[in-house]
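>>> Build me a structure from this.
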Amino acid sequence: MKLASYTLSLLPLAAAWTALPGQKSSVLGRAPRHSTSTLLKSTIEAETIEETAETAAGSKTFGVVNTRKLSELYDLVVIGGGPAGVAGAIKAAQMGRRAILIDKPKFEAGVLPNGLDLFFGGPTGLFSKALRDAAKETNVAAMRAQHMDNDVIWKQITNSIVKLAMRNSEGQCRTLQTYGVDYLQGSAQLLGEEDPANVAALRKFADDLDDPEDGIRTVAVTNSGAVDDNGVPTTDNVVVSALKVLVATGSKSTRLRGIPFEESHRIFDSDTINLLGYLPRSVTISGLGIIGIEFANIFNALGVKDVTILVRGDVETSAKKLGMDMDVANVLMKLLTKSGVKIREATTVEEFSYVPPPGADDEYIKMKLNDGSTMETDLFFAATGRYPVGKNDDAGLEAAGLEVADRGMVSIDKVTLATTSKNVYAAGDVIGAPALASTSMEQAQRAVASMFSESSDSDVCQDANHDDPLSIGVWTIPEMGYYGLTREKAEAEGYSVVEGTVGFDQCLRGRVFAPDGLLKIVADSTDGTVLGVHIIGKEAAEMVHYGMALVKARTSIFEILKTVYTAVTFHELFKEAALDANSKLDFGVEWQEIFDALQGECPLSYDDDYLREQFEMIDTDGSGELEEDEMRALFESMGKPVSKRIIANLMRLSDTDGNGTSEKSLHEIVDSRIY
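Numbering: from 1, shown residues only. As a prediction, the model looks like this:
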């Protein structure tokens with residue numbers, strides 16, 4: 001194997017980055033154990049020798065663009081290289097437009113010598129998904145039984161994470177290259193329409209515009225990857241101009257006051273956790289949101305015996321804020337506690353300090369809680385939410401004319417995603433909820449389709465509903481997925497509902513391979529229409545898409561019961577849940593067959609007064625109940641004779657107390673037909 005000269009220079013750096021636990025740092029006299037950037041820095045040399053050995057010393061192949069290309073007019077400049085930015089740039093290319101994506105790497109430690117940003121094109125949760133996969137594939141207990149050091153175990157885990165991240169970022173870069181989209185690394189600042197650089201650009205490209213009044217927008221880029229014709233990096237800042245700009249600057253972790261993030265390498269937020277450099281002995285997580293739940297589950301799966309979640313309020317309130325069904329939430333809490341995760345409600349940290357445990361070379365974090373008690377932890381993770389970065393001064397959005405709310409959310413038109421500033425659109429986390437990778441990509445594609453549509457249709461996005469409900473996937477072990485209404489929300493909207501609930505052990509695959517889990521269908525009791533699907537169990541985040549299709553198509557549980565599902569699949573659970581919901585209906589599937597037969601033999605379309613009059617004529621004893629011969633006579637009196645077997649089965653189903661008479665009135669039966 002050959003090593004390039006600059007690769008060799010990384011070897012002493014790697015040794016410095018992986019300082020031993022007993023070595024002391026100069027900051028507050030604390031032991032570094034491992035720098036938070038160890039995950040990436042110490043892995044770069046080991047994992048990329050073969051990839052980088054062929055690269056010329058000092059050269060970059062990712063995130064660089066020739067200055068000559070940058071000096072030409074683009075159709076679209078995208079600011080931000082997350083899922084939204086990449087999707088928007090590709091959409092523009094698919095519409096035949098010239099696009100460039102400008103992105104500043106989130107962490108310097110995440111950029112390889114060839115310029116590849118390991119976080120490029122990935123969602124915020126890429127690290128947690130990769131760590132989850134590593135937790136499932138790595139038998140930490142077995143490795144410890146072989147007397148492997150925690151540092152060696154963590155190295156194994158981080159190697160797999162970096163490989164996954166490399167595959168993703170390289171794949172995104174290749175896709176952009178395939179579509180002819182330029183990708184420039186650098187810090188982008190949107191300039192105002194009246195900025196001298198934008199005015200100069202408008203004069204420069206006036207002949208390229210159908211109407212100069214349409215205007216253009218200019219972005220200034222500092223610390224860019226611009227290179228000259230010889231491939232030499234330029235030291236000058238560059239400006240890039242385009243007809244339109246898509247802002248996709250994402251979000252950042254919310255850092256609550258009182259948490260000393262900058263003072264300790266053991267305190268993380270949902271951004272810096274991506275640079276975790278050691279396998280912790282114990283973990284404390286503040287917050288019961290999706291991110292906090294995922295990491296609690298993951299660290300537990302990695303063999304961390306002491307994992308605690310601190311909840312400011314209570315579990316039920318937190319679950320409902322996330323839109324979770326409470327039965328699903330209860331199963332999750334049961335599985336977490338069964339695995340050893342501790343959940344402390346109504347608990348917050350009031351004070352942080354550091355103490356060396358007896359016989360140890362490095363410290364723990366000591367926390368004083370609001371109830372006066374104390375606890376120690378090796379890692380504190382503040383999973384306290386995220387906020388849009390619209391107020392980021394570096395991006396210059398407000399100065400460029402965009403309306404930005406106090407929390408950093410950029411105001412947009414919900415149909416076109418146009419901002420309040422001419423020729424500028426926005427998508428993704430920066431425009432606020434739902435702030436999911438899937439919806440961010442859709443928003444970006446919709447924004448680009450809107451800005452470049454040349455159709456006679458005044459708006460290509462009129463059919464899009466920005467506030468449509470969304471499918472949610474939570475990457476716990478096992479997974480969760482849900483879409484549509486919970487019982488509580490459905491009843492609040494005026495529905496009368498029934499629920500069909502089954503455990504994963506109600507299908508063969510679940511019984512054999514993954515019995516822990518639950519699937520619930522929320523259905524309208526009047527016609528069986530599926531209103532919501534809620535799942536926890538193996539592959540729940542995949543199965544929820546079928547549930548979403550059921551809800552969107554307004555499928556009834558009766559149609560589900562007629563569907564043939566492939567044997568030994570988890571999808572068989574949908575039929576089992578539909579059966580459970582059916583058993584709770586006054587007129588279930590067995591009645592539907594009777595109603596179908598009645599409809600074929602004697603279509604019923606009478607008003608209530610007529611039905612009551614006919615019923616009272618037949619009910620001579622005034623009991624309010626009909627025997628079988630009386631029921632047959634009733635239909636004959638209306639000139640609609642019905643076969644004896646239909647009447648016999650109708651009586652059997654409606655005779656709920658076994659006394660030989662129908663406890664359901666004809667009015668109920670006719671009024672409740674569902675076909």
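>>> contacting residues for Arg217?
Neighbouring residues of Arg217 by Cβ atoms under 8 Å, 6 or more residues apart in numbering: 77, 190-191, 193, 198, 241-245, 422-424. Bear in mind the C-beta positions are built from the backbone N, C-alpha and C, glycine included.
>>> again, only this time at 10 Å
76-77, 190-193, 195, 198, 201-202, 240-245, 400-401, 421-424 (Cβ atoms under 10 Å, 6 or more residues apart in numbering).
>>> confidence score at it?
Arg217 carries a pLDDT value of 96.
>>> try Thr620
65.
>>> Check the one 3 residues further on too.
pLDDT for Ser623: 64.
>>> what do you get for Thr7?
Looking at Thr7, its pLDDT stands at 35.
>>> just the buried members of the contacts of Arg217?
Buried members of these, counted by 16 or more other Cβ atoms under 10 Å: 76-77, 190-193, 195, 198, 201-202, 240-245, 400-401, 421, 423-424.
>>> re earlier: which of the contacts of Arg217 fall within strands?
Of these, the ones assigned to strands by DSSP state E are Leu76, Val77, Leu190, Val240, Ser241, Ala242, Leu243, Lys244, Val245, Val424.
>>> okay if I get these as TSV plus pLDDT and distance to Asp207?
Formatted as TSV, these follow (pLDDT from 0 to 100; distance: Cβ to Cβ, whole Å):
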residue	pLDDT	distance to Asp207
Leu76	98	20
Val77	98	20
Leu190	95	24
Val240	97	19
Ser241	97	14
Ala242	97	16
Leu243	97	14
Lys244	97	19
Val245	97	21
Val424	97	23
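>>> which of those residues lies closest to Leu379?
Leu190 (37.6 Å; Cβ to Cβ).
>>> Now the closest one: closest residue in space that isn't a chain neighbour?
Nearest residue to Leu190 in three dimensions, chain neighbours excluded: Ala400, at 4.3 Å (Cβ to Cβ, 6 or more residues apart in numbering).
>>> Quick check: the one you found touching Val424?
Yes. Counting by Cβ atoms under 10 Å, Val424 is a contact partner of Ala400 at 7.3 Å.
>>> any residues in contact with both of these two?
Common contact partners of Ala400 and Val424 (Cβ under 10 Å, 6+ apart): Leu190, Glu193, Arg217, Val245, Val247.
>>> Distance check, the residue nearest to Ser253 when sequence neighbours are not counted against Gly258.
Closest residue to Ser253 apart from its sequence neighbours, by Cβ to Cβ, 6+ apart: Asp269 at 3.5 Å. The gap separating Asp269 from Gly258 is 13 Å, by Cβ to Cβ, to the nearest Å.
>>> higher neighbour count, these two?
Taking neighbours as other Cβ atoms under 10 Å, Asp269 and Gly258 compare with Asp269 leading, 22 against 10.
>>> List the residues that contact the more buried one.
The neighbourhood of Asp269, defined by Cβ under 10 Å, 6+ apart, consists of 252-256, 259, 261, 286, 291, 381-386.
>>> Look at the nearest residue to Ala541 once chain neighbours are set aside and say how many residues are nearby.
Leaving out its chain neighbours, the residue that sits closest to Ala541 by Cβ to Cβ, 6+ apart is Gly473, at 3.4 Å. When neighbours are counted by other Cβ under 10 Å, Gly473 registers 20.
>>> A strand includes Gly473, no?
Yes. Gly473 sits within a strand when classified using DSSP: H, G, I helix; E, B strand; the rest coil.
>>> Return the set of residues that bridge with Thr284.
Thr308, Phe380 (DSSP bridges).
>>> chain center to the helix or strand Arg174 falls within: distance?
Applying DSSP states H and E as the criterion places Arg174 in helix 150-178. Remark: helix 150-178 is offset 20 Å from the chain centroid, using Cα atoms, centre = their mean, to the nearest Å.
>>> Can you point out the buried residues in that helix?
150-151, 153-162, 164-166, 168-170, 172-173, 176.
>>> any weak-confidence spans in the stretch 251-400 of the chain?
357-361 (pLDDT under 70).
>>> for it, what spans make up the helices?
Here the stretch 251-400 of the chain has its helices, by DSSP state H, counting those that start in this stretch, at 290-301, 315-321, 326-338.
>>> Then the stretch 51-200 of the chain?
Under DSSP H, counting those that start in this stretch, the stretch 51-200 of the chain gives helices at 67-70, 83-94, 126-137, 140-145, 150-178, 196-204.
>>> hey, C-alpha coordinates of the third one in CSV?
Pointing back at helix 126-137 there. Extracted C-alpha coordinates of helix 126-137, given in CSV (Å, rounded to 0.1, in the frame of the first residue of the first chain):
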residue,chain,number,x,y,z
LEU,A,126,-27.4,10.6,10.1
PHE,A,127,-25.0,10.0,13.0
SER,A,128,-27.7,8.5,15.2
LYS,A,129,-28.9,6.2,12.4
ALA,A,130,-25.4,5.0,11.7
LEU,A,131,-24.7,4.6,15.5
ARG,A,132,-27.9,2.6,15.8
ASP,A,133,-26.9,0.3,13.0
ALA,A,134,-23.5,-0.2,14.6
ALA,A,135,-25.2,-0.9,17.9
LYS,A,136,-27.3,-3.6,16.3
GLU,A,137,-24.3,-5.1,14.5
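>>> Flag the shaky bits of this structure, pLDDT-wise.
Residue ranges of the chain with pLDDT under 70: 1-59, 357-361, 454-467, 586-626, 628, 634, 638-641, 645-646, 649-675.
>>> same thing but 50
For the chain, applying pLDDT under 50 flags the ranges 1-36, 45-58, 359, 456-458, 666-667, 670, 673-675.
>>> how does the chain divide up, domain by domain?
Using the TED database, the domain ranges for the chain come out as 61-121+173-252+386-468, 267-384, 478-584, 605-672.
>>> buried set for stretch 397-404?
In terms of neighbour count (16+ other Cβ under 10 Å), stretch 397-404 has its buried residues at Leu397, Glu398, Ala400, Gly401, Leu402, Val404.
>>> secondary structure class for Met480?
For Met480, the assignment made with three-state DSSP gives strand.
>>> And the helices in the stretch 501-650 of the chain?
So, for the stretch 501-650 of the chain - with DSSP H, counting those that start in this stretch - the helices run 508-513, 540-552, 557-562, 572-582, 589-601, 608-618, 628-637, 644-654.
>>> Hey, what's the angle from the second one to helix 326-338? Just curious.
Pointing back at helix 540-552 there. Orientation note: helix 540-552 sits at an angle of 170 degrees relative to helix 326-338 (axes from the mean of the first three to the mean of the last three Cα atoms, to 10 degrees).
>>> list the helices and strands helix 540-552 packs on?
Applying 3 or more Cβ pairs under 10 Å, 6 or more residues apart in numbering; DSSP states H and E, we find helix 540-552 packed against strand 472-474, strand 479-484, strand 518-524, strand 530-537, helix 557-562, helix 572-582.
>>> what's the answer for the first one, then?
Helices and strands touching helix 508-513, by 3+ Cβ pairs under 10 Å, 6+ apart, are strand 497-503, helix 572-582.
>>> try 8 Å
helix 572-582 (3 or more Cβ pairs under 8 Å, 6 or more residues apart in numbering; DSSP states H and E).
>>> and the helix it packs on, what does it pack onto?
For helix 572-582, the packing partners by 3+ Cβ pairs under 8 Å, 6+ apart come out as strand 497-503, helix 508-513, strand 518-524, helix 540-552, helix 557-562.
>>> Give me the buried stretch members for the longest one, please.
I take that to be helix 540-552. By neighbour count on 16+ other Cβ under 10 Å, the buried set for helix 540-552 is Ala540, Ala541, Met543, Val544, Tyr546, Gly547, Met548, Leu550, Val551.
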